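Asker: fold the following and give me the result.
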Amino acid sequence: MGVSAVLRHELRLLFFAPLTYLFQAAFLLALNAFIFLVANFYGSDEATLRLMLVFLPWVSLVLVPALSMAAWTDSHSSREIELLYSLPVSPTAVVLGKFLAGWLLLLLTLLMTLPFVFTLTYLGEPDKGVILVGYLAAALFLGASFAVTLFAGTFVREPVGAFVTGAGALFVLMLCGWDVFGRLVSDLLPQWAWESLVVYSPLKWSQVLGQGLIPAQALIYFLLTIGGSLLMAHWVMRERRHGGLKGLLRPDRIGAFAVVMLLWLFGIPLSERLPG
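Answerer: Numbers count the residues shown, from 1 in each chain. Next up is the predicted model:
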């Protein structure tokens, strides 16, 4: 019993839950409201995915943590994690299965935005290559966001706590790439410091990909963010399976977390030297 079994189990739970369809409806309604009402798409005179990629992260800031908050629920009323770990399944399979199920749901929801592309095609002549790369940007952003919120939620047992920690972690990453926040801290941080922080934000790389460019650094960012988040989530859940989080304070566990964080912190800026 491995990843595929957990994936099928999680997909059944998601697609038989009425809240899943409420989540999808809220996601699509919020995104379309921002694009067509707040940004006045019809008055923008542009046939690109720019507006969708501008507002997608902020809609995701609320709705992606809402999707992931029940992943690790272990309250008195819901013993799903306890039941799942009583089966012959590894923590790695649990983490990967839950991530893939949630990401597939997010990708399915993203596909429901295709009518927006049809609107672009009707009103103008969008570059098909840029559109495809724009959807790649959205898919990777949603995957990274879901992985980060899954990891943040492993430290708490209640859904509300998981939502708050997930949204908080995602918000901090997004702040690093938000130009408005950059202007606010311009008097406090030197220019080089702010530019160093920007590369750690998914906003930065989704915007780069949204222009139709596929630099190696962007792909490495999303790979390291997703992989690192899932690896650390696996470590936390392994300790929870054995009775608590005190094991995370062991020197070897602290060292392992430090190695992953250093790889993320230094690997992303150093990847700029790669061609592409």
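Asker: quick one: end-to-end distance for stretch 172-192.
Answerer: 19 Å (C-alpha to C-alpha, to the nearest Å).
Asker: how far is that stretch from where the chain is centred?
Answerer: Relative to its parent chain, stretch 172-192 has a centroid offset of 21 Å by C-alpha atoms, centre = their mean, to the nearest Å.
Asker: can you list the weak-confidence ranges in the stretch 51-200 of the chain?
Answerer: For the stretch 51-200 of the chain, applying pLDDT under 70 flags the ranges 74-87.
Asker: ok, the closest residue to residue 129 other than its chain neighbours - how many residues close by?
Answerer: In space, and not counting its chain neighbours, residue 129 is closest to residue 212: 5.9 Å by C-beta to C-beta, 6 or more residues apart in numbering. Bear in mind the C-beta positions are built from the backbone N, C-alpha and C, glycine included. By other C-beta atoms under 10 Å, 16 other residues sit near residue 212.
Asker: what about residue 212, helix or strand, and which?
Answerer: Of the helices and strands defined by DSSP states H and E, none includes residue 212.
Asker: ok, now the one 10 residues further on?
Answerer: If you go by DSSP H and E, residue 222 is part of helix 216-241.
Asker: same deal with residue 194?
Answerer: Using DSSP H and E, the element containing residue 194 is helix 191-198.
Asker: same thing with residue 98?
Answerer: Residue 98 belongs to helix 91-111 when elements are defined using DSSP H and E.
Asker: before we move on, the earlier item: list the helices and strands the helix or strand just after the helix holding residue 222 packs on?
Answerer: As assigned by DSSP H and E, the chain's next helix or strand after helix 216-241 is helix 251-270. Packing partners of helix 251-270 (3 or more C-beta pairs under 8 Å, 6 or more residues apart in numbering; DSSP states H and E): helix 216-241.
Asker: check which helices and strands the helix it packs on is in contact with.
Answerer: Under the contact criterion of 3+ C-beta pairs under 8 Å, 6+ apart, helix 216-241 touches helix 91-111, helix 128-153, helix 202-210, helix 251-270.
Asker: just checking, residue 142 touches residue 107?
Answerer: Yes - Residue 142 lies in contact with residue 107 (C-beta atoms under 8 Å); the separation is 7.1 Å.
Asker: with neighbour numbers in mind, choose between those two.
Answerer: The residue with more neighbours, out of residue 142 and residue 107, is residue 142; 25 against 14, by other C-beta under 10 Å.
Asker: quick one: end-to-end length of stretch 179-194, please.
Answerer: Using C-alpha to C-alpha, one end of stretch 179-194 lies 10 Å from the other.
Asker: contacting residues around that stretch?
Answerer: For stretch 179-194, contacts defined as C-beta atoms under 8 Å, 6 or more residues apart in numbering pick out 175, 197-198.
Asker: could you rerun that using 10 Å?
Answerer: 174-176, 178, 195-198, 201, 203-204, 207 (C-beta atoms under 10 Å, 6 or more residues apart in numbering).
Asker: and stretch 226-235, by the same measure?
Answerer: In contact with stretch 226-235 (C-beta under 10 Å, 6+ apart) are residues 71-72, 90-96, 98-99, 103, 140, 143-155, 169, 247-248, 253, 256-257, 259-261, 263-264, 267.
Asker: chain center to that stretch, what's the gap?
Answerer: Offset of stretch 226-235 from its chain centre (C-alpha atoms, centre = their mean): 13 Å.
Asker: give the rounded mean pLDDT of it.
Answerer: Here stretch 226-235 scores 94 as its mean pLDDT.
Asker: residue 237 contacts residue 89, correct?
Answerer: No - with contact defined as C-beta atoms under 10 Å, residue 237 does not count as touching residue 89 (11.4 Å).
Asker: more neighbours: these two, which one.
Answerer: The neighbour count for residue 237 versus residue 89, taken as other C-beta under 10 Å, is higher for residue 237 (22 against 17).
Asker: show the contacting residues for that one.
Answerer: Applying C-beta under 10 Å, 6+ apart, the residues near residue 237 are 71-72, 81, 85, 91-92, 94-95, 98, 150-151, 154.
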